[in-house]
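Trainee: model the following, please.
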Amino acid sequence: MIKLTMPDGSIREAEAGITALELVKSISNSLAKKVLAVSIDDKVMDLTTVLDKDAVVQFLTFEDEGGRHALRHTASHILAQAVKRLYKDENVQLAIGPAIENGFYYDIDMEKRLTDEDLKEIEKEMHKIVKENLKLERKLVSRQEALDMFTKAGENYKVELINDLPEDAEISLYVQGEFTDLCAGPHVVSTGKVKALKLQSVAGAYWRGSEKNKMLQRIYGTAFEKKDDLDAYLKMLEEAAKRDHRKLGKELDLFSIHEEGPGFPFFHPNGMIVRNELINYWREVHRRYGYQEISTPMILNRELWERSGHWAHYKENMYFTQIDGEEYAIKPMNCPGGMLVYKTQQHSYRDLPLRAGELGLVHRHELSGALHGLFRVRNFTQDDAHIFMMPNQIEEEIQNVINLFDEVYSTFGLTYHAELSTRPEDSMGSDEMWELATNGLRNALEHRGLDYVVNEGDGAFYGPKIDFHLKDSIGRTWQCGTIQLDMQLPEKFDLTYIGEDGQKHRPVMIHRVVYGSIERFIGILIENYAGAFPTWLAPVQAKILPITDKHMDYAFELKKKMFDLGLRVEVDDRNEKVGYKMREAQVKKIPYMLVVGDQEMESGTVNMRRHGEKETTTMTVDEFIQYIQKNIAEKSQKY
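Mentor: Model (predicted):
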């Protein structure tokens, strides 16, 4: 008998040699219908895996990452099988076909250029394979057997993969019907489990990501356990496409990116209004939370970056230059400059915590293929802050930072979940320092009662961190805010403070960002609001629409009155019908349209219509001004 520990800590005894599938069926038939894979001692495996020793066992459904991965990995094999069936005369060679975060892909080498129509045919064949409910059987073979089999089949990419495996590597194949693939797994038990799938696109992809290799065709798809979930996901993607910040950024004249500077965004006047309002709000909030603002140089010498550890741990992401024959680097982070500012004075324990905020322009080298609008750029403004404190102030200060995050994110109607990232392999510092720092973050989260997940090994090279993942209006998540606890840089820069005992002590430091990157945060807000910014952020807050030329003077009088009060107002003085002007104002997502004609001139009123609504309201000019000023002051999410 073997002892199997379940997730709740209970122990079940079973005969050695039982499969995971047989075990789950003995526990619950209803659970067995949902289970897609199994975790055995933290390794995700097939349900056909034999249990022959004591182990920790967890059954994985589609709700678990391992379960989703197994289902989507199987979908990629179904895709490859369908392509092989449909194009048997095309000399199709298969490369790799993994599951990815929201679906799967398969890289394929074939002469025929696949079109959207071809994808429909392939998807139809995939549905047939699902209906056939073919079992997936795992086979272990020798290296030579695998080489012989794939060489005979003309699968050159599989042969290359096998040759690159270590001599003692276990080689496994997965068989479903007439189709066999080289694969480590895991997979679901049969193709019939993949009940809802969709092929989405085909793109070019270099073999093994190197432009020196042949360009293959990469077919992307997604798969779900239920059709309703697939439909909801596809609807979300359709909505996301409408909200694409690159498209809206152009339509609303917010920003542009040019061939002369790929990855370096240009902000237009409308975009600068949004940017400056975000900065003004950042400064106002940080003043209330006790931060002082600093600014540090963009270029600093090599010795500084060696001292900070960036030269050894981050060099491949940095840009360099020479000054007076010496090597300098353009800063990828603001931290070392903040250290130098702290060192300009001797600090007392009475000064701590000392909170220094910086809106610093940083540059990081990103591969051209990774660049994406404002989301992945090569220069951005990091809304950084470095907080220097005594060890006994750590938890209180982290709680204070989370309070600030709560206030800022709620202002934009965004909710979040937290993730704790621990020590990576490429790190610096002692085990004791890392343990102290990690426990400091963990205790702050737990004492606050904040749910969080742990990302093992995903911390910064100098310390653990808490990442805040924001949820937008259509359910997507974005990583923005970060709190990093650092005991390394204060040591490297020999930072000290005078304690109550009159002796020098080493401060602890927090790095934190709330927006993360102002550029990226603007991109997130464009998509969250679908371009329809709340009034306080909108580049144009109200558009006055005179019905005819004789109403122009009144319209411009209103504009001057509102402009002098700090409102962003424009007059549409074109010789167009008012209906046309209203439709265009809607397209430009302007919060308020103010139609003025004879009646409004005589009564000193405006006919106000909110963006996205059909009803209009007649108000006096002063009533409208009070209304919009209140909306702006409250930073309301509604018009």
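
Trainee: residues in contact with the closest residue to R568 other than its chain neighbours?
Mentor: Nearest residue to R568, sequence neighbours excluded (C-beta to C-beta, 6 or more residues apart in numbering): Q541, at 4.6 Å. In this view, the C-beta of every residue, glycine as well, is placed from N, C-alpha and C. For Q541, the contacting residues are T535, L567, R568, V569, I590, P591, Y592, I628, I632, by C-beta atoms under 8 Å, 6 or more residues apart in numbering.

Trainee: wait, K25 sits on V35?
Mentor: No - using C-beta atoms under 8 Å, K25 is not in contact with V35; the gap is 9.3 Å.

Trainee: which pLDDT value goes with G463?
Mentor: For G463, the pLDDT comes out at 82.

Trainee: ok so, going back, which one of the contacts of Q541 is nearest to R350?
Mentor: Of all these, I632 has the smallest distance to R350: 39.3 Å, by C-beta to C-beta.

Trainee: okay, and that closest one sits in which element?
Mentor: helix 621-633 (DSSP states H and E).

Trainee: using PDB, write out every CA atom in that helix.
Mentor: Extracted as PDB, the C-alpha positions of helix 621-633 are listed here (Å, rounded to 0.1, in the frame of the first residue of the first chain):
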ATOM      1  CA  VAL A 621     -24.400  78.300 -18.100                       C
ATOM      2  CA  ASP A 622     -23.500  78.700 -14.400                       C
ATOM      3  CA  GLU A 623     -25.300  75.500 -13.500                       C
ATOM      4  CA  PHE A 624     -23.300  73.600 -16.100                       C
ATOM      5  CA  ILE A 625     -20.100  75.200 -14.900                       C
ATOM      6  CA  GLN A 626     -20.800  74.200 -11.300                       C
ATOM      7  CA  TYR A 627     -21.800  70.700 -12.400                       C
ATOM      8  CA  ILE A 628     -18.600  70.000 -14.500                       C
ATOM      9  CA  GLN A 629     -16.300  71.600 -11.900                       C
ATOM     10  CA  LYS A 630     -17.800  69.300  -9.200                       C
ATOM     11  CA  ASN A 631     -17.400  66.300 -11.500                       C
ATOM     12  CA  ILE A 632     -13.700  67.200 -12.100                       C
ATOM     13  CA  ALA A 633     -13.000  67.900  -8.500                       C
END
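
Trainee: what is it packed up against?
Mentor: Packing partners of helix 621-633 (3 or more C-beta pairs under 8 Å, 6 or more residues apart in numbering; DSSP states H and E): helix 552-564, strand 592-596, strand 605-610.

Trainee: ok, K25 and V35, which is more surrounded?
Mentor: Counted by other C-beta atoms under 10 Å, K25 and V35 do not tie: V35 has more neighbours, with 26 against 16.

Trainee: correct me, but that one touches T61?
Mentor: Yes - the criterion here is C-beta under 8 Å, and V35 meets it with T61 at 5.9 Å.

Trainee: what touches both of these two?
Mentor: G67.

Trainee: need the longest helix for the protein.
Mentor: Longest helix of the chain, by residue count under DSSP state H: helix 65-86.

Trainee: tell me the mean pLDDT over that helix?
Mentor: In this model, helix 65-86 carries a mean pLDDT of 97.

Trainee: re the thing from before, between the helices and strands packed on helix 621-633, which one is nearest to D384?
Mentor: Of these, nearest to D384 by C-beta to C-beta is helix 552-564, at 34.6 Å.

Trainee: which parts of stretch 160-177 are buried?
Mentor: By neighbour count on 16 or more other C-beta atoms under 10 Å, the buried set for stretch 160-177 is L161, I162, I171, S172, L173, Y174, Q176.

Trainee: can you list the domains in the chain?
Mentor: Using automatic domain parsing, the domains assigned to the chain come out as 2-61, 87-227, 255-298+331-528, 542-633.

Trainee: among those, which comes closest to F320?
Mentor: Nearest of the domains of the chain (C-beta to C-beta): domain 255-298+331-528, 9.9 Å.

Trainee: and the closest one, how far apart are its ends?
Mentor: One end of domain 255-298+331-528 sits 17 Å from the other (C-alpha to C-alpha, to the nearest Å).
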